[in-house]
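In: Pasted the sequence and its predicted model underneath.
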Amino acid sequence: MTETAVEVHADPDLLAQAVAARLLVRIIDAQAERGEAGIVLTGGRIAASVYRAVRDLPARDAVDWSRVDVWWGDERFLPAGDPERNETQAREAFLDALPLAPNRVHPMPASDGPDGADPEAAAARYAATLAAAAGPGTATLPYFDVLMLGVGEDGHIASIFPEHPVSYENRPVSAVRGSPKPPPVRITLTRSAINTAEDVWLIASGSGKARAVGMALGGAGPVQVPAAGVAGVQRTRWLLDRAAATEVKPSFRSLR
Ligand SMILES: O=C(O)[C@H](O)[C@@H](O)[C@H](O)[C@H](O)COP(=O)(O)O
């Protein structure tokens, strides 16, 4: 049973700094415990603020980045290098500033990659990449120490949108067409894959997210509010600023 915690910070900048500090500590703990760490990135504005905060924290150098595997929870299915790709934004925000091992950074395929403009084939390719990195035995996914998610105003996470067929997918990676958030074609980890992560962090900033966060923590279903359907094996953290937390019951909150 996952342990759920809600942490509320005064404003978006403090939220980004707090999440960045948590991420570094979580990676350091994972490396102390396992000798390596696996993190899963997301896209969006608050995530980019977190990435920039990680880049700018001196404590980033306490991490052995050569032993960190970087995965993505979802990607906009666009040509490599497109400024709208989550990979492009993450590389610009922090990855390019870190001494990562290039073969341990695993972007989702681009629409001009080996599968061309076929998102289903690209999703299958990423699933194969994940399986190849999985441990021995029947594992189909590597060990994710922490998987980060932004939260949409409609309660979407990664590229799993409300009432979308992808909610019913059981395979680990799926193509998404008709995304209500542009661009329309995406690739996403599914809920079953997301929920294999040790820690799932849902990061939300701004009053526009308050209703979705309140519904997700208030018992909404996972198809109506996808953010309600994800949880880490060990921990689920809701990392919010005050504006995003206004509809969270006080019993849930640990105000900062
Ligand atoms: O590809 C994407 O767009 C993201 O993965 C998406 O799931 C994002 O995290 C949320 O839409 C929140 O985005 P904001 O933080 O910008 O509101």
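Out: Structure received.

In: how far away is whichever residue of the stretch 51-200 of the chain sits closest to the ligand from residue 62?
Out: Nearest to the ligand in the stretch 51-200 of the chain, going by Cβ to the nearest ligand atom, is residue 150, at a distance of 2.3 Å. (Glycine included, C-beta is placed from N, CA and C.) Plainly put, residue 150 is 26 Å away from residue 62 if you go by Cβ to Cβ, to the nearest Å.

In: try residue 116
Out: Residue 116 is 42 Å from residue 62, by Cβ to Cβ.

In: Same question for residue 98.
Out: Residue 98 is 12 Å from residue 62, by Cβ to Cβ.

In: Repeat that for residue 68.
Out: Residue 68 is 12 Å from residue 62, by Cβ to Cβ.

In: likewise residue 11?
Out: For residue 11, the distance to residue 62 - Cβ to Cβ - is 26 Å.

In: Residue 55 too?
Out: From residue 55 to residue 62 the distance is 14 Å (Cβ to Cβ).

In: Mind checking which of the two has more residues around it?
Out: Taking residue 55 and residue 62 together and counting by other Cβ atoms under 10 Å, residue 55 has the greater number of neighbours (16 against 12).

In: so that one makes contact with residue 97?
Out: Yes - using Cβ atoms under 8 Å, residue 55 is in contact with residue 97, at 5.0 Å.

In: Let me see the mean pLDDT of stretch 155-171.
Out: Regarding stretch 155-171, the rounded mean pLDDT is 94.

In: all helices in the protein, in order from the N-terminus.
Out: Counting by DSSP state H, the chain has helices at residues 12-34, 45-56, 86-93, 119-133, 191-194, 210-217.

In: Any chance of a markdown table for these, columns distance to the ligand and mean pLDDT?
Out: Formatted as a markdown table, the helices of the chain follow (distance: least, Cβ to the nearest ligand atom, whole Å; pLDDT from 0 to 100):
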| stretch | distance to the ligand | mean pLDDT |
| --- | --- | --- |
| helix 12-34 | 10 | 98 |
| helix 45-56 | 3 | 98 |
| helix 86-93 | 5 | 98 |
| helix 119-133 | 14 | 97 |
| helix 191-194 | 11 | 97 |
| helix 210-217 | 10 | 97 |
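
In: gap between the closest residue to the residue of the stretch 51-200 of the chain closest to the ligand other than its chain neighbours and residue 76?
Out: Counting by Cβ to Cβ, 6 or more residues apart in numbering, residue 150 lies nearest to residue 44, which is 3.7 Å off, once chain neighbours are set aside. The gap separating residue 44 from residue 76 is 11 Å, by Cβ to Cβ.
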